[in-house]
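Participant: okay, here's the prediction I keep looking at, along with the sequence it came from:
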Amino acid sequence: MQYQRNTELWPVEMFLIAYRRCKGEIQVLVRKSANGTSKFGVGSGVPATRWMLSSAPPPQGYRFRDPPVRFEAKSFPEFPKDGQESWTYGKIDICADAFNGADAASLHDAELEEFAQDIREGLQVRLSELRRRHRDAASSSNDWDGTRLSVVQGVVDSPSCRAAIQGTLRMSGLFQRRQGGGARFVGLGKDAPLLRKRLVQSMRIYTMFPQMPYPMPPPSATAAELQEELASRDRRIKASGRDPHQDTHGRKFTHKSTPNVSNTIHGVYLTLDATGMPGLDEVPALELFGTKEVPRQWKSLQDLKVLDRDGKRVSTEDPKATFISGFIVRQLVKDGVINID
């Protein structure tokens, strides 16, 4: 309820999802999940804004909001009821020069930065048009969809959002140069304007409601304690009388969360149809500010529990343990962004 009353509390994260039609099936480009909550993830999520412990220094490329925006852990329903002392989260924003600062000198990529800025400007126009249409059709300006569009518009209007878009393009691996500094896996030459247009038109905003740790572990919890909490969470939630698949308001959990409260977010999704693009079988995965490449994989929508085994219908099986973005990609199918026909 505090999130709904105060729109400034919502984190916003940028994602790029790539898919292709290959060998009679639809495949999504994924990487092994890094946090252990599922087998696979898209691995391209870059927060434009997010929460972190206010007592810790912000990570590379981010800064605390000034003036500060803070939120108490005890505000979450999963906070333990045993009188444990609460802790505070602070809002951080990505820096406009995140890829050009002293800490990121080796990551400077003027061409990708320009492409990200073009996408940001396209999203500004698209969001303005969506908000205009919504105002013309809505009976109230205080409804959920209108508020969500307003929150995302505010983030995209910030010049620093370019860095978040550049980050998701980079982490996808699709725009990385091949070994030896050769051509990019997906080029940004003469086809860049058409690619930019398609990415902007594919934009969808989905709000994610994660199954939070139960109860929320304190910041001092060890890695082993966090893994034990995750492994036993469903059992403990059931024992408490709660539903492990949806919250008390009936909202279905989209994924399992680590103690990172920023997993309750508005996600901005750009979708790339890579069908027919050559040489994409070995696209690398990258960390936001890292240089080490790790493998990516093309996995079918059936393997990711997005579609039933026949590949013709949206699956009803719970995808959370298999694919952290399973419910999101299902919605992209339902919305026709990913066409399975």
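Facilitator: The structure has been received and is ready for your questions.
Participant: how deep is residue 82 tucked in, by neighbour count?
Facilitator: Close neighbours of residue 82, defined as other Cβ atoms under 10 Å, add up to 6. Where C-beta positions appear, they are placed from N, C-alpha and C, glycine not excepted.
Participant: which residues sit in contact with it?
Facilitator: For residue 82, no contacting residues are found, by Cβ atoms under 8 Å, 6 or more residues apart in numbering.
Participant: so it: helix, strand or coil?
Facilitator: Secondary structure assignment for residue 82 (DSSP: H, G, I helix; E, B strand; the rest coil): coil.
Participant: report pLDDT for it.
Facilitator: Listed pLDDT for residue 82 reads 83.
Participant: so how far is residue 260 from it?
Facilitator: In this view, residue 82 and residue 260 are 22 Å apart by Cβ to Cβ, to the nearest Å.
Participant: who are the packing partners of the helix ranked longest in the chain?
Facilitator: The helix that spans the most residues within the chain, counting by DSSP state H, is helix 110-137. Contacts defined by 3 or more Cβ pairs under 8 Å, 6 or more residues apart in numbering; DSSP states H and E place helix 110-137 against helix 144-157, helix 161-171, helix 192-202.
Participant: residue 321 contacts residue 38, doesn't it?
Facilitator: Yes: with contact defined as Cβ atoms under 8 Å, residue 321 counts as touching residue 38 (5.7 Å).
Participant: with just CA atoms, put stretch 257-270 into CSV.
Facilitator: This file holds the C-alpha atoms of stretch 257-270, laid out as CSV (Å, rounded to 0.1, in the frame of the first residue of the first chain):
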residue,chain,number,x,y,z
SER,A,257,13.2,-13.4,-4.8
THR,A,258,16.5,-13.2,-3.0
PRO,A,259,16.5,-10.7,-0.1
ASN,A,260,16.9,-7.9,-2.7
VAL,A,261,13.7,-6.0,-2.2
SER,A,262,14.2,-4.3,-5.6
ASN,A,263,12.7,-7.4,-7.1
THR,A,264,9.3,-5.8,-6.7
ILE,A,265,9.6,-3.6,-9.8
HIS,A,266,8.2,-2.1,-12.9
GLY,A,267,10.1,-3.9,-15.7
VAL,A,268,10.5,-2.3,-19.1
TYR,A,269,10.9,-5.1,-21.7
LEU,A,270,12.4,-4.7,-25.2
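Participant: chain neighbours aside, what residue packs nearest to residue 149?
Facilitator: Residue nearest to residue 149 in three dimensions, not counting chain neighbours: residue 131, with 5.0 Å by Cβ to Cβ, 6 or more residues apart in numbering.
Participant: wait, what's in contact with the one you found?
Facilitator: Taking Cβ under 8 Å, 6+ apart, one finds 146, 149-150, 153 in contact with residue 131.
Participant: gap between it and residue 119?
Facilitator: Computed with Cβ to Cβ, the distance linking residue 131 and residue 119 is 18 Å.
Participant: quick one: contacts for the residue nearest to the spatial centre of the chain?
Facilitator: Nearest residue to the geometric centre of the chain (Cα atoms, centre = their mean): residue 45, 3.9 Å. Contacts for residue 45 (Cβ under 8 Å, 6+ apart) come out as 13-15, 168, 171, 267.
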